[in-house]
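Trainee: Okay, predicted coordinates and the sequence, questions at the end:
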Amino acid sequence: MEPDKFKKKRIERMSRACAEMICRLHDKSSPGDYNIAHGIISRFAADVLIVMQDVPNKDRTASFSVPLPDYGDLMTVKKFKEACKSGGFIDYDGSGHPVGFAKADHPLSIDPAIRNGVVKRPLLMDDKITIKPSEYNDLPKGTTHIVWFNR
């Protein structure tokens, strides 16, 4: 079975289970069903989130043109994704902006730092794109870092 069909079947199966549990919640004769239903619905929501994160929603491109602020936490994309996957960051905690290297024709790149013969272009952010932890697999092309802002 193709991965997309498998994901769709999994979501359909969990949807039916959730609908059944919601019907049980209305049955006053089974008070223990609330905890069972809550567990199933929570697992369903987590499964849907995982499935949706596996496929990028859109092809976003960033224009890295804004210098990094003095506040916020700068981290690599790898560290950001690890934190999101482990639950270290959730949407309620805050959000970030994608960060990447300035293009060669950017004004801040006219006089780049040179170390050991290698041109170092500055890191800049795109403050028009907001990244939430639930969108960690939908980062714009060229993103090397995330600048994170807590709520």
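Mentor: Nice, I can see it. Numbers count the residues shown, from 1 in each chain.
Trainee: Domains in the chain, by residue range?
Mentor: 3-54, 66-150 (automatic domain parsing).
Trainee: can you give me the mean pLDDT across stretch 86-97?
Mentor: For stretch 86-97, mean pLDDT is 90.
Trainee: list the buried ones in it?
Mentor: Neighbour-count burial for stretch 86-97, counted by 16 or more other Cβ atoms under 10 Å, picks out 89, 95-97. (Glycine included, C-beta is placed from N, CA and C.)
Trainee: Which of the residues you listed fall within strands?
Mentor: Among the buried residues of stretch 86-97, the members found in strands (DSSP state E) are 95-97.
Trainee: got a markdown table for those, with distance to P67 too?
Mentor: What follows is those, written out as a markdown table (distance: Cβ to Cβ, whole Å):
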| residue | distance to P67 |
| --- | --- |
| S95 | 19 |
| G96 | 16 |
| H97 | 12 |
